[in-house]
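[1] the sequence isn't on hand, but the structure is:
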């Protein structure tokens, strides 16, 4: 039997008809993510949210708040939202659908679902909308058209399509760089808020280096809770130049593959020489499972692994055994899984 979970996921072999329906949905799976991205760009969920807790709005009411004079906007919004409702991203009233002639509009009302909060895109709200918009921007979407040739001929799909690597691209195109930074800021906030609630490994740290720390938000959040830490944010010059000044965070530019600043604890791998004897590396990463499953954690891990594949040279997510192998080859004595937050693990690697 096919699963009847709210997301409509198919987990076991069904009847011939169920198999066909699932296969057809997979063949146009891009439609859902593109509709989701459009909803975040138009801020459709934010419009519903502004109506108040528990509010339900019609597509006409939602479209009336968009900056458009398009007479078809309401029925287009309705068709987007009913797809999202079928995936439980929004809720929908159960009133009988009454099609309005050829306009294909309905009298359904739409409200927020529990998952909606992650896609609210208003200023100041921590959201998955900016990461989604980054992954669906033309520069990143075009990359996927290079995957087939990369499999057959080698190379990095992003580099093949754009004739430069990701960080060259973001340095060359400020709008892309802004989109990238905004996505990373939101992902960092979502992840670190949960990590700081659960992980206690920063408590006795005096010096902390974040290798590839981006704009320094991770260290700002850590030092806000642990102000005794001397924090160093280490990243490429073109990244550091856009970083805001955070109290207690020192910025050092450089290439992590050449030299890493010394510190008591370092966020990343392969930094053996920079650590004192009692130091540790703190790794916050996904872990590729040792077996293939059909649960959400496995799927998102494999999806993010493919994103790494198409964007970065040698980019990939790793399994626990692969991290242990990296640590051993670099001279470290051991690796310990400290805690699990969502799809991410916090690992400590010791000298």
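    Arrived safely. Not measured: the values here are computed from a predicted model.

[2] show me the contacts for the most centrally placed residue in the chain.
    Geometric centre of the chain, nearest residue: residue 131, 5.3 Å, by Cα atoms, centre = their mean. Residues counted as contacts of residue 131 (Cβ atoms under 8 Å, 6 or more residues apart in numbering) are 183, 186-187. For the C-beta atoms, the positions are set from N, CA and C on the backbone; glycine is no exception.

[3] let me have those in JSON lines, extended by secondary structure, distance to residue 332 and pLDDT.
    What follows is these, written out as JSON lines (DSSP: H, G, I helix; E, B strand; the rest coil; distance: Cβ to Cβ, whole Å; pLDDT from 0 to 100):
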{"residue": "183", "secondary structure": "helix", "distance to residue 332": "31", "pLDDT": "94"}
{"residue": "186", "secondary structure": "helix", "distance to residue 332": "32", "pLDDT": "94"}
{"residue": "187", "secondary structure": "helix", "distance to residue 332": "27", "pLDDT": "94"}
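
[4] select only the buried ones of these in ChimeraX?
    Selection command for ChimeraX covering only the buried members of the contacts of residue 131, criterion 16 or more other Cβ atoms under 10 Å:
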select :183,186,187
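
[5] closest to residue 85 among the contacts of residue 131?
    For those, the closest approach to residue 85 (Cβ to Cβ) belongs to residue 186, at 24.4 Å.

[6] how about the closest one: what's its closest non-neighbour residue?
    Nearest in space to residue 186, with sequence neighbours left out and distances taken as Cβ to Cβ, 6 or more residues apart in numbering, is residue 130 at 4.8 Å.

[7] for the one you found, what is the enclosing helix or strand?
    Element membership for residue 130, per DSSP states H and E: helix 129-135.

[8] just the mean pLDDT for that helix, thanks.
    The predicted model assigns helix 129-135 a mean pLDDT of 97.

[9] where in the stretch 101-250 of the chain is pLDDT low?
    Scanning the stretch 101-250 of the chain for pLDDT under 70 picks out 101-106.

[10] and the helices in it?
    129-135, 138-144, 147-153, 157-162, 166-172, 174-198, 217-225, 237-240 (DSSP state H, counting those that start in this stretch).

[11] make JSON lines out of the ones you listed and add distance to residue 307.
    What follows is the helices of the stretch 101-250 of the chain, written out as JSON lines (distance: least, Cβ to Cβ, whole Å):
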{"stretch": "helix 129-135", "distance to residue 307": "7"}
{"stretch": "helix 138-144", "distance to residue 307": "9"}
{"stretch": "helix 147-153", "distance to residue 307": "11"}
{"stretch": "helix 157-162", "distance to residue 307": "10"}
{"stretch": "helix 166-172", "distance to residue 307": "11"}
{"stretch": "helix 174-198", "distance to residue 307": "12"}
{"stretch": "helix 217-225", "distance to residue 307": "20"}
{"stretch": "helix 237-240", "distance to residue 307": "19"}
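
[12] okay, now the domains of this structure?
    In the domain annotation for the chain, the residue ranges read 16-118, 128-350 (the TED database).

[13] give me phi/psi at residue 57?
    phi -120, psi 150 (degrees, to the nearest 10).

[14] how many residues are close by it?
    Neighbour count of residue 57, defined by other Cβ atoms under 10 Å: 20.

[15] for it, give me its contacts.
    47-48, 51, 109-111.

[16] which stretches of this structure form strands?
    57-58, 90-92, 109-112, 207-211, 230-235, 249-253, 265-267, 280-286, 334-341, 344-350 (DSSP state E).

[17] hang on, the earlier thing: got the contact list for the residue nearest to residue 186?
    Contact analysis of residue 130 by Cβ under 8 Å, 6+ apart lists 121, 179, 182-183, 185-186.

[18] would a markdown table of those residues with distance to residue 146 be doable?
    A markdown table is the format used below for the contacts of residue 130 (distance: Cβ to Cβ, whole Å):
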| residue | distance to residue 146 |
| --- | --- |
| 121 | 29 |
| 179 | 20 |
| 182 | 25 |
| 183 | 21 |
| 185 | 28 |
| 186 | 27 |
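
[19] nearest residue to residue 60 in space, please, no chain neighbours.
    Per Cβ to Cβ, 6+ apart, closest to residue 60 is residue 74, 4.5 Å.
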